[in-house]
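Asker: Make a model of this:
(2 chains)
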Number of protein chains: 2
Amino acid sequence: MGIGAFAAAQASAAELLAPLKVEPWSTTPGAPILEHPYGVPSLFEKGVVRRAAKAWPLPGAASSMTPLADLFGSITPNGLVYERHHAGVPDIDPAQHRLAVHGLVSAPKLFTMDDILRLPSESRIHFIECSGNTGGEWNGPSGMPVQLTHGLLSCCEWTGVRLSTLLDEVNGAVGKARWILAEGSDAAAMTRSLPLDRIIDRAMIVYAQNGERLRPENGYPLRLIVPGFEGNTHVKWLRRLKLVDAPLETREETSKYTNLLADGTARKFVFEMDAKSVITRPSPGHKLTTHGYYPISGLAWSGRGTIRRVEVSTDGGASWRNARMETSPRERALTRFEADWQWNGGPAAILSRATDSTGYVQPTREALVSARGLNSQYHYNAIQQWRVDANGDVRNA
Amino acid sequence: MGIGAFAAAQASAAELLAPLKVEPWSTTPGAPILEHPYGVPSLFEKGVVRRAAKAWPLPGAASSMTPLADLFGSITPNGLVYERHHAGVPDIDPAQHRLAVHGLVSAPKLFTMDDILRLPSESRIHFIECSGNTGGEWNGPSGMPVQLTHGLLSCCEWTGVRLSTLLDEVNGAVGKARWILAEGSDAAAMTRSLPLDRIIDRAMIVYAQNGERLRPENGYPLRLIVPGFEGNTHVKWLRRLKLVDAPLETREETSKYTNLLADGTARKFVFEMDAKSVITRPSPGHKLTTHGYYPISGLAWSGRGTIRRVEVSTDGGASWRNARMETSPRERALTRFEADWQWNGGPAAILSRATDSTGYVQPTREALVSARGLNSQYHYNAIQQWRVDANGDVRNA
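Answerer: You can find the predicted model right below:
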């Protein structure tokens, strides 16, 4: 089948003829048990960390990005989940933390963390993507690697309480309750207004990610998750849910997180993240060392449902073929895809294109710019191309 | 519905009448971005770590256990995956690491890590359980908390290459190849013989767990995963796969990892982990603080398929009711279950019982001892009971 046919060249001919070499780590006992009661990665992986795309003037109002080029499967390990903060990471004592559920409800209530942990729970795997993710590509190839173009994207198993369960605890909404205001307890008091009927069946108030309590930078001890919605609606360090009759026009839905169109009008309350995909391996920074077989691996996701299909092109979009699903597609979760490729050593241009369960197809950059102009800033989800040079370099160009 | 009816007592009456308190972390900017390029848990969670059940005479030949009582959902975060080593944790340079596939194969080959990363991959969520897990309960309640009774148990998304793909790379098995020997490159050279026809469709050679490269203590850079089989067959730091005609009767399948029956004979090559479940919250160390509603939460798994049903009893097994699935049941993966419980403040005895997709029902301790005696040591999977005292203490008694 030819797979790996050229790869064996990487073990030397001498090695292939000799007995298996006994390395020093096979002759000396290794590190004792519990050297790390809470484990850490190998030092050989020390370069696999979150990074910022730029130096931010205020390091508390900044973001850091997930190293997608070095990751596998669909789960993002907690230490590498992307960060986006508006006033830094608060250090919250969970024993002091409270969640108020008030406004247009029958019986307003203040919840302790113990209260919340005593409610029925649910665990689901969902992606989170910042609406600003990939915004640097609106004007064409930025030259950046995938960590810095697409790394405001992560996927975890979240555990918590359904919003509907919490509303039952305050005996339900009353009157003209149509929206819900979520407020964080960080110093920016991050707030977003959310349409109740669109989120009631899927929003969760979560306290755990990937099996353990939330990390401080991901909202410890409590976070709102609205699967499929833009990341900033997943309000971290959640202190307050207020039921109201109309959106409150907070800073984060007026000066920020609206999408400016070419005609000067702005799209507001654009919540769902549309279907998108990106090739993560090979991607800029990787180098193809020999000709022959390579798996093309990447991620696909949709805020509107599951991934139905991912196509891959290696000739700049002239022809496409279906990729296989490398992980089980799950609703509003990252799906890993993989396609076979025989690299003949010539220049190539590799792309991926996602289709979701609604039938929506990820657009080209030209189609997206034609619909939204160049000032939209948020919700950039166009097909991403990487160029492969004859010397094996991979570039965003 | 009564859920949480007593819980609000934990927020004081004064708090309920006052405006939401503004905590210091809401008025001062928090920690800057990238304070931790690779993130760490909140200091408030510093007690959530792996622990050993005893002081081991050789700290390199030992085990540490996952803190199940403090975890959620079905995924185990990488820093808390249990450890079991026979000669400590080797510090392996992946650039120097090789995997030999040899013996009864057409074209023996030495693989570098780059070679393996260039093969088609697959990601799947599976549990791993040490066959010695819960062995301390053979003689009745040990008094230990769930971390130390059931914590040789974890569940990750694993990414790697199917064994069948790797065998294609050596042009397949030849002659009387019926078994495969897997050898680790730790100083113990951990080896196990495995029946080829039973593992060929599911075994994987993995390099990543939960999205990132394997942790050193979990086999970095390469590990064999045999979903559903006892944990020690998932050979870590994998250096060699040799196809052979019969099991090699290695130390780990003769002096260890056989199950001694009451009549003096031993069960050998007992690979699949039978269906099992355990309640993790409330469990010993937790305290019920007020009467009223509590969710009973736990884990269920089977090495032979998916979990079809979990039943819970709160009266020592006199009556049972179905729990709901808190996570999606997946093949040979941990499934979180949850059942509603109104604690009336009296003594109680809480138990869980799993049924898998083959129809197998988790046995009572009495049934298990009757079948296997008291010297079996491995593969203890009986129903586990926790006692709840009138003062809210939970005990393994």
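Asker: Skip the chain neighbours and tell me the closest residue to A:Gln377.
Answerer: Closest residue to A:Gln377 in three dimensions, ignoring its sequence neighbours and counting by Cβ to Cβ, 6 or more residues apart in numbering or on different chains: A:Gly135, at 5.4 Å. Heads up, the C-betas are built off the backbone N, CA and C, glycines and all.
Asker: what sits against that neighbour?
Answerer: For A:Gly135, the contacting residues are A:377-378, A:380, by Cβ atoms under 8 Å, 6 or more residues apart in numbering or on different chains.
Asker: Sort those residues by pLDDT and name the bottom one.
Answerer: Going through those one by one, the lowest pLDDT turns up at A:Gln377, 91.
Asker: so that one touches A:Trp138, yeah?
Answerer: Yes: assessed by Cβ atoms under 8 Å, A:Gln377 is found in contact with A:Trp138 at 7.4 Å.
Asker: which of these two has more neighbours?
Answerer: Regarding A:Gln377 and A:Trp138, a neighbour count based on other Cβ atoms under 10 Å in any protein chain shown identifies A:Trp138 as having more, with 19 against 16.
Asker: Dihedrals phi and psi, that one?
Answerer: Dihedral angles phi and psi of A:Trp138 (degrees, to the nearest 10) take the values phi -60, psi -40.
Asker: what residues are up against it?
Answerer: Contact analysis of A:Trp138 by Cβ under 8 Å, 6+ apart lists A:369, A:374, A:376-377, A:380.
Asker: And those, which is closest to B:His86?
Answerer: Taking Cβ to Cβ as the measure, A:Tyr380 is the one of those closest to B:His86, at 51.1 Å.
Asker: Okay, and the beta partners of the closest residue in space to A:Arg324 that isn't next to it in sequence?
Answerer: If you skip the residues right next to it in sequence, A:Arg324 has A:Glu338 as its closest partner in space, 5.7 Å away by Cβ to Cβ, 6+ apart. Bridge pairing for A:Glu338 (DSSP bridges) gives the partners A:Ser297, A:Arg324.
Asker: Correct me if wrong: A:Glu338 contacts B:Pro120.
Answerer: Yes: the pair A:Glu338 / B:Pro120 is scored as a contact, 6.3 Å apart, by Cβ under 8 Å.
Asker: what do those two both touch?
Answerer: With the criterion set as Cβ under 8 Å, 6+ apart, the overlap between the contacts of A:Glu338 and B:Pro120 is A:Pro295.
Asker: who's more crowded, the two?
Answerer: For A:Glu338 and B:Pro120, the more surrounded residue by other Cβ under 10 Å is A:Glu338, and the numbers stand at 21 against 18.
Asker: Flag every residue of the stretch 251-397 of chain A that's near chain B.
Answerer: The stretch 251-397 of chain A has residues A:289, A:293-295, A:297, A:326-327, A:336, A:338, A:340 near chain B, with proximity defined as Cβ under 8 Å from any Cβ of the partner chain.
Asker: Now list the buried members of the residues you listed.
Answerer: Buried positions within these, assessed by neighbour count (16 or more other Cβ atoms under 10 Å in any protein chain shown), are A:293-295, A:297, A:326-327, A:336, A:338, A:340.
Asker: and the residues you listed, which two are the farthest apart?
Answerer: In those, the most distant members under the criterion Cβ to Cβ are A:Tyr293 and A:Thr327, with 21.0 Å between them.
Asker: Confirm that A:Thr355 sits in a strand.
Answerer: Yes: counting by DSSP: H, G, I helix; E, B strand; the rest coil, A:Thr355 is found in a strand.
Asker: Provide a list of residues in contact with the nearest residue to it once chain neighbours are set aside.
Answerer: Closest residue to A:Thr355 apart from its sequence neighbours, by Cβ to Cβ, 6+ apart: A:Arg309 at 4.3 Å. For A:Arg309, the contacting residues are A:322, A:354-355, taking Cβ under 8 Å, 6+ apart as the criterion.
Asker: What segments of the stretch 201-350 of chain A are helices?
Answerer: With DSSP state H, counting those that start in this stretch as the definition, the stretch 201-350 of chain A shows no helices.
Asker: cool, the stretch 51-200 of chain A as well?
Answerer: Counting by DSSP H, counting those that start in this stretch, the stretch 51-200 of chain A has helices at residues A:113-117, A:146-150, A:163-169, A:196-199.
Asker: what pLDDT, on average, does the last one get?
Answerer: If I follow you right, that is helix A:196-199. Taken as a whole, helix A:196-199 has a mean pLDDT of 97.
Asker: Report the buried residues of it.
Answerer: A:196, A:199.
Asker: Now do that helix: distance to the chain's middle.
Answerer: Taking the mean C-alpha point of helix A:196-199 and that of its whole chain, the gap between them comes to 22 Å (Cα atoms, centre = their mean, to the nearest Å).
Asker: again with stretch A:171-179
Answerer: Computed by Cα atoms, centre = their mean, the separation of stretch A:171-179 from the middle of its chain amounts to 32 Å.
Asker: Endpoint to endpoint, it covers what distance?
Answerer: Length of stretch A:171-179, first residue to last, Cα to Cα, to the nearest Å: 17 Å.
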